[in-house]
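**Q** this is a predicted model, with the sequence first.
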Amino acid sequence: MTDIPEQERSITEEFRIVANQFVEADGAASLMEEMKTTQLAQMKSNLMAIEGDMSDARAERLVKSGSEWPEYIENMVENRTKANKLKLQLEWIRMRERELDRSSWLERSERKMGRSVT
């Protein structure tokens, strides 16, 4: 299937494309959010395997103060931000469609009024 140039896409097609992008971005963000505890546990286990036995609290403190954990959190937030931007884009498309519908309705009403006067 060939891509339709952006300026020639219908609002429905534009919505479909952005909606699919939103679903993917939301899924990636949700996965990272759901895996946050698992990821932390894996990082602590890896640290303990390398450094030897230590308290869970110490392992967590070391993991969270390292470079991997903040990077994980930053990626998680970036994914959620991307999903939120796409969600706003979907809302903008809906608003644009309502504006076109309203404009079309006004044009029809004005034509109708013009006919009834004459």
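**A** Thanks, I have it.

**Q** in this protein, which residue is most central in space?
**A** Ala83 (0.7 Å; CA atoms, centre = their mean).

**Q** give me the element that residue is part of.
**A** Using DSSP states H and E, Ala83 sits in helix 68-117.

**Q** which neighbouring elements make contact with that helix?
**A** Packing partners of helix 68-117 (3 or more CB pairs under 8 Å, 6 or more residues apart in numbering; DSSP states H and E): helix 11-34, helix 36-51. Every C-beta, even on glycine, is put in place using the N, C-alpha and C of the backbone.

**Q** just want the angle from it to helix 11-34.
**A** 160 degrees (axes from the mean of the first three to the mean of the last three CA atoms, to 10 degrees).

**Q** report the rounded mean pLDDT for helix 68-117.
**A** For helix 68-117, the mean per-residue pLDDT is 89.

**Q** now it: how far from the chain's centre is it?
**A** 14 Å (CA atoms, centre = their mean, to the nearest Å).

**Q** angle of that helix against helix 36-51?
**A** Relative orientation of helix 68-117 versus helix 36-51 (the same axes, to 10 degrees): 160 degrees.

**Q** which non-adjacent residue is nearest Arg96?
**A** Ile11 (6.6 Å; CB to CB, 6 or more residues apart in numbering).
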